[in-house]
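build the 3D model from these lines:
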Amino acid sequence: MKSLSALLLLLLYFLSAPLQATEPSWQHQLDGPVSGKALVTEQGIYVAAGHTLYQFNDQGQVLNRTGFSHKLYATPVAHQGGLLIHAGDGLHALDFSGNTIWHHASVDGPLKIEGQSWGWGEGLFTDPWAWYRSSVTVDGTRAYYGTANGTYAVSLKDGSRLWHTDTGVTHTTPVLVGNRLVVGSWNNHLYGLDPQTGEQVWQFEGDKQRGYGADWNGWLGFNLDPVTDGKSVYAGNRGGYTYRLRAETGELLWSAKHGNTWVGSPAIIHQEQLYYGLSDGLGLVARKKTNGNITQFVPMPHLIFAAPVAAQNKIYFATLSGEVFELDTGTMEHQRIYQSQASSKNYSQHVKTESGPLYQNPPADLSAHQGAQWQVQQMLQGLDSILSLSVENNHLYLGTATGRLISLPLEQAP
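Residues are numbered from 1 along each chain as shown. Purely as a prediction, here's the structure:
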């Protein structure tokens, strides 16, 4: 009976998600995983991977490569005739040809967590699921970004430090809302800062898990970029909560809880709705931003970590199973529009029949932590998981775990 139920669930998923294959316009193999989004400008398409910032034209030809001493995980930002890119050694300002204008030194790095509740033993270990880093928010003459040592503000003129505030390990991109700069921290707090001074105006602590498994520290952390509608700020966290706060004061306006899952992706706001993906909750969620009520749940075969994107009345989102889906917000129907070659080849090896990740047994000679890292990497590499999405000029740009940048043409609206 259990196997029959699983088959029925799988059949229901494929019937509800018709397939429409879209072939890439072009794709390139890059220097490392592409966790940051591609940036499209008049000067070209910029994307960071490994130790390199790449520049492409819209035909997929490489125009330039700029090397860095530290790895790049963040999304580049265009500003004042050039680029800003956050690397492991700080914030770099470049011209569009990749020449350095200034460099603000700071230290970033992976999240380290206490391993006992994960079954890894005593001590600090690298979180195998924490792949993303803070990008940059720009306002007037200032740039703001988060690091392993907190949040910084620097001058756009010369990169000089204006202030630094200890917000813990901050891998989220700050969001500016009026006279508040809001950041999310791995210490399970959101902070409302004065953007002029860095002074903490308010802090908000995420709810703790209750019941069985509540002592697992994997439930803690605001690891997803907060978003704003100009008055409120919205943020999900590893505890499975999504929150709406008043940006000025940090007052809680509503919260919503998903059971036994992280909120997997940052949210986007589109047509008064909040859209975001879940990890083990296996789906895309749509909520009214005013009251948090769910308006749609789209079941998915795998985890969602990449932030969705919107184009006209369509929402595009991707799974770690190497698939891209399109949701029509008018009809509320969805379809799969792309699947990576690796996913097509290795799907049954890494995706359960009834949906969800199918982790491989690690080699016996690995430690518990090494085995967890191995399992995650086997999944990411085996499916060519999609880590980032951006959309511009009727093209979807996919960044994958194996280091591919893929340009996917979208069907034009009549």
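
for this protein, which residue is closest to the average position?
Residue closest to the average C-alpha location in the chain (Cα atoms, centre = their mean): residue 306, at 4.5 Å.

which of the helices or strands spans that residue?
Counting by DSSP states H and E, no helix or strand carries residue 306.

show the pLDDT at it.
If you check residue 306, the pLDDT there is 99.

and the gap between it and residue 354?
Applying Cβ to Cβ, to the nearest Å, the value for residue 306 to residue 354 is 23 Å. In this view, the C-beta of every residue, glycine as well, is placed from N, C-alpha and C.

ok, residue 88 next?
Distance from residue 88 to residue 354, counting by Cβ to Cβ: 40 Å.

neighbour-wise, which of these two wins?
Comparing residue 88 with residue 354 by other Cβ atoms under 10 Å, the one with more neighbours is residue 88, at 20 against 16.

pretty sure the more buried one sits against residue 51.
No - here residue 88 lies out of contact with residue 51, judged by Cβ atoms under 8 Å, at a distance of 9.6 Å.

anything in contact with each of these two?
Overlap of the contact sets of residue 88 and residue 51 (by Cβ atoms under 8 Å, 6 or more residues apart in numbering) consists of 70-72.

can you list those residues in TSV and add neighbour count and pLDDT?
Converted to TSV, the shared contacts of residue 88 and residue 51 look like this (neighbours: other Cβ atoms under 10 Å; pLDDT from 0 to 100):
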residue	neighbour count	pLDDT
70	15	97
71	19	97
72	27	98
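
you'd agree residue 139 is up against residue 177?
No - at 10.8 Å, residue 139 does not count as touching residue 177 under the criterion of Cβ under 8 Å.

who's more crowded, the two?
Remark: of residue 139 and residue 177, residue 177 carries more neighbours, 21 against 13, as counted by other Cβ under 10 Å.

identify the bridge partners of that one.
residue 180 (DSSP bridges).

that one: what's it in contact with?
228, 230-233, 247-248.

residue 380: what secondary structure?
Put simply, residue 380 is helix when judged by DSSP: H, G, I helix; E, B strand; the rest coil.

ok, and the closest non-adjacent residue to it?
Using Cβ to Cβ, 6 or more residues apart in numbering and skipping residues adjacent in sequence, the residue nearest residue 380 is residue 401, 3.8 Å away.

count of neighbours near the one you found?
Residue 401: 26 surrounding residues under other Cβ under 10 Å.

right, and it touches residue 384 too?
Yes - with contacts counted by Cβ under 8 Å, residue 401 reaches residue 384, the gap being 6.2 Å.

quick check: residue 91 is in a strand.
Yes - looking at residue 91 with three-state DSSP, it is inside a strand.

okay, it: pLDDT?
pLDDT, residue 91: 99.

show me what contacts it?
Residues in contact with residue 91 (Cβ under 8 Å, 6+ apart) are 84-85, 103-104, 106, 136, 143, 145, 152, 154, 159.

change it to 7 Å
Going by Cβ atoms under 7 Å, 6 or more residues apart in numbering, residue 91 touches 84, 104, 106, 136, 143, 145, 154, 159.

pLDDT for the residues you listed - can I get that in CSV?
What follows is those, written out as CSV (pLDDT from 0 to 100):
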residue, pLDDT
84, 98
104, 99
106, 98
136, 99
143, 98
145, 99
154, 99
159, 98
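
counting neighbours, which of those residues comes out on top?
Top of the contacts of residue 91 by neighbour count (other Cβ under 10 Å): residue 145, with 28 neighbours.
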